[in-house]
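1. Provide a 3D model corresponding to the input given below.
(2 chains)
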There are 2 protein chains.
Amino acid sequence: MPNEIRKDYVLDRWVIIAHERSKRPTDFQAAPQERVEAKTCPFCPGNEAMTPPAFLLYLPSAGGIRRDRDRDGERRKDWLIRCIPNLYAALTPREPQPLPADEFRTREDGVGTHEVIVESPVHDEHPGRARVEQTELVVQAYLDRLRALSRWAYVSVFRNHGRAGGASLSHAHSQIIATPMVPRTVAEELRGSARYLQQRGSCPFCDIVEGERDTDRFIYENPSFFAVAPWASVYPFEFWLIPKRHQSTLSQMREGEKGDLARAMRASLGALAGALRDPPYTYGVHLAPTSGENERFHWHLEVYPKLSIHAGFEDNTGMFINVTPPELAAQSLREALEGRV
Amino acid sequence: MPNEIRKDYVLDRWVIIAHERSKRPTDFQAAPQERVEAKTCPFCPGNEAMTPPAFLLYLPSAGGIRRDRDRDGERRKDWLIRCIPNLYAALTPREPQPLPADEFRTREDGVGTHEVIVESPVHDEHPGRARVEQTELVVQAYLDRLRALSRWAYVSVFRNHGRAGGASLSHAHSQIIATPMVPRTVAEELRGSARYLQQRGSCPFCDIVEGERDTDRFIYENPSFFAVAPWASVYPFEFWLIPKRHQSTLSQMREGEKGDLARAMRASLGALAGALRDPPYTYGVHLAPTSGENERFHWHLEVYPKLSIHAGFEDNTGMFINVTPPELAAQSLREALEGRV
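-> Here you go, the predicted structure:
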């Protein structure tokens, strides 16, 4: 089958899908995951003093969890989830200062937040292998922080896994960066969804859930979530988790949906780790901006395994070459899922 | 100095510039360049049979060079420049076939070309250390191929250097991919330049040459070319080479300008290798599309050193974090240039 060029459902983004020499999971197994190990992990229980005080802690409690924070210079050691400022913050919460600029050189002060969510006291409790209850707590922490950060234009919730995925520490953790402007990718998805609605009268992500279920790109579903290898995947083994019910941001999830999200993460990220020997990846939650008329946006989570390098062609053109067709990726992930759900 | 967020001169692209923990060249030297070595280099003289026949050769000749190609299954061995089809072509030149598609799943046949330009018979004659005459031949080969490929919508000329730069072979080579559509990045630059012209009555790249000369982002210039660390650099030590005279594509270069481009490449890429111990990088020539009203486009070459990883935040938002402010990058590159030009 010759190579083809596919366009994303929503974005004006083209991807060369390489059928001719397409790569299966075993083709990637020559490069084993490099483990990032600190001698003493600053995120493991007992080492809390190596990090700033937590501004949010989930503590075990008879009825479930109790929210608290570190106080008076003391660090709690009996936490289930620990939210702390990033020591190397890209953006910091302070009053923005005006900076000298001109029409030609646009700039704004670097205000916002950069936070770390330590996802578990257990070093290796990553979502693909974690207890579902623990991942539900991670999802709850995303929600709590999203609400707390609603004064910023956008809240980026993401996860780096493995060195090639940008993780400098291997302990299970997510990051949150709140930005003072709506980022480019979100703006494009909003515009693309509006255009799609105008042209077809529906939401593209609702259409993906309905339209891809009976195709060879389908990976997994449960009552609330749907996993798919998207039509114009940019990365080998890329997949998206989409809530089946139309909702523009995480905080519109209903109570039972959080558990279904945790189960979908365990199933799909577990299958990815199983099929490709725990590869590096990043994931990011694509959310509506915190304010504005964004009901048409359909939030979802995009997972990008980092198995090949985007280089000169991608840098030069904004087009991509994907050496694993999404149909092949979905098949491998479905096979890896068997017995797992 | 606190972090700030800068916007590109032309694109709607924001970059967090990290002043607080900014990284100097020595901070990157922990990760030495990994050499990619084949036992037998298919691009070295004598091994031509390991690759397809060349469709363009530059052969030494009394008056300079003579153009030829491999004929009758024979491979010439006395070449100065060798242009061959990429064995793992992303796109191939053939008649496009209609593919089943629908409104929701857009696709086109993968037609185009994917070529390799072997830049020198000398394995390590990379442009930062090459004889200027040799790099002039490389520039001439870009021009020849650009003319030959003018039936395609766009011709992407790029170079991958080092394993993290996507190079699978270490012998000095460039690549060319001709695409059947105008890629996203070029379209954005065209739109951005048109908007800039409308708002300010000038070309942004002409304004960069004039406006950045007396700033701390200036790196180098000669009679025809200008090197600058751009205001909103996305990568540490990123720089651009811009022709001083407004011209929309490579083929508008005058005779003397080719040598000046080769000298600018030798100076700036040599400085990069000197300052950072031959780091991986990609470069791409940003050109006007092959047809249409593109006189306003100002072609240039963008060099992206690959010293840090773009990960979850960049993937999620399309914003970037750059840990080396362009002013610091330009200073290091200017220092590395001393004695070199």
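
2. Give the buried residues for stretch A:323-335.
-> Within stretch A:323-335, the residues that qualify as buried are A:323-334, counting by 16 or more other C-beta atoms under 10 Å in any protein chain shown. Every C-beta, even on glycine, is put in place using the N, C-alpha and C of the backbone.

3. Mind putting those residues into JSON lines with secondary structure, distance to chain B and pLDDT?
-> Listed next are the buried residues of stretch A:323-335 as JSON lines, based on DSSP: H, G, I helix; E, B strand; the rest coil; distance: C-beta to the nearest C-beta, whole Å; pLDDT from 0 to 100:
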{"residue": "A:323", "secondary structure": "coil", "distance to chain B": "9", "pLDDT": "94"}
{"residue": "A:324", "secondary structure": "coil", "distance to chain B": "14", "pLDDT": "95"}
{"residue": "A:325", "secondary structure": "coil", "distance to chain B": "11", "pLDDT": "96"}
{"residue": "A:326", "secondary structure": "helix", "distance to chain B": "11", "pLDDT": "97"}
{"residue": "A:327", "secondary structure": "helix", "distance to chain B": "12", "pLDDT": "97"}
{"residue": "A:328", "secondary structure": "helix", "distance to chain B": "16", "pLDDT": "96"}
{"residue": "A:329", "secondary structure": "helix", "distance to chain B": "16", "pLDDT": "97"}
{"residue": "A:330", "secondary structure": "helix", "distance to chain B": "14", "pLDDT": "97"}
{"residue": "A:331", "secondary structure": "helix", "distance to chain B": "18", "pLDDT": "97"}
{"residue": "A:332", "secondary structure": "helix", "distance to chain B": "21", "pLDDT": "96"}
{"residue": "A:333", "secondary structure": "helix", "distance to chain B": "19", "pLDDT": "97"}
{"residue": "A:334", "secondary structure": "helix", "distance to chain B": "20", "pLDDT": "97"}
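
4. Residue B:186: which of those residues is nearest?
-> Residue B:186 lies nearest to residue A:323 out of the buried residues of stretch A:323-335, by C-beta to C-beta, at 23.4 Å.

5. quick one: low-confidence parts of chain A?
-> Counting by pLDDT under 70, the low-confidence segments of chain A come to A:29-38, A:339-341.

6. what about the helices in it?
-> Counting by DSSP state H, chain A has helices at residues A:132-148, A:184-200, A:204-211, A:255-276, A:312-317, A:326-337.

7. Using CSV, write out every CA atom in the last one.
-> Yep, that's helix A:326-337 we're talking about. As requested, the backbone C-alpha atoms of helix A:326-337 are provided in CSV (Å, rounded to 0.1, in the frame of the first residue of the first chain):
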residue,chain,number,x,y,z
PRO,A,326,-3.0,4.5,13.1
GLU,A,327,-4.8,1.3,12.0
LEU,A,328,-1.7,-0.7,12.8
ALA,A,329,-1.2,1.1,16.1
ALA,A,330,-4.9,0.5,17.1
GLN,A,331,-4.5,-3.2,16.3
SER,A,332,-1.4,-3.5,18.4
LEU,A,333,-3.0,-1.7,21.3
ARG,A,334,-6.2,-3.7,21.1
GLU,A,335,-4.2,-6.9,21.2
ALA,A,336,-2.2,-5.6,24.2
LEU,A,337,-5.5,-4.7,25.9
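
8. Chain B contacts on the stretch 51-200 of chain A?
-> Applying the criterion C-beta under 8 Å from any C-beta of the partner chain, the portion of the stretch 51-200 of chain A that neighbours chain B consists of A:88-92, A:94, A:97, A:99, A:103-110, A:154, A:156-160, A:164-167, A:175, A:177, A:179-181, A:183-188, A:199-200.

9. at 6 Å what do you get?
-> When proximity is defined by C-beta under 6 Å from any C-beta of the partner chain, the stretch 51-200 of chain A lies next to chain B at A:88, A:90, A:105-110, A:156, A:158-160, A:165-166, A:177, A:183-185.

10. So among the residues you listed, which ones count as buried?
-> Among these, those classed as buried by 16+ other C-beta under 10 Å are A:90, A:105, A:107-110, A:156, A:158-160, A:165-166, A:177, A:183-185.

11. Out of the residues you listed, which sit inside strands?
-> Restricting these to those inside strands, with DSSP state E as the criterion, leaves A:107-109, A:156, A:158-160, A:177.

12. wait, isn't residue A:269 in contact with residue A:128?
-> Yes. Counting by C-beta atoms under 6 Å, residue A:269 does reach residue A:128; the two are 3.3 Å apart.

13. Mind checking which of the two has more residues around it?
-> Set side by side, residue A:269 and residue A:128 show unequal neighbour counts under other C-beta atoms under 10 Å in any protein chain shown, the larger going to residue A:269 at 25 against 20.
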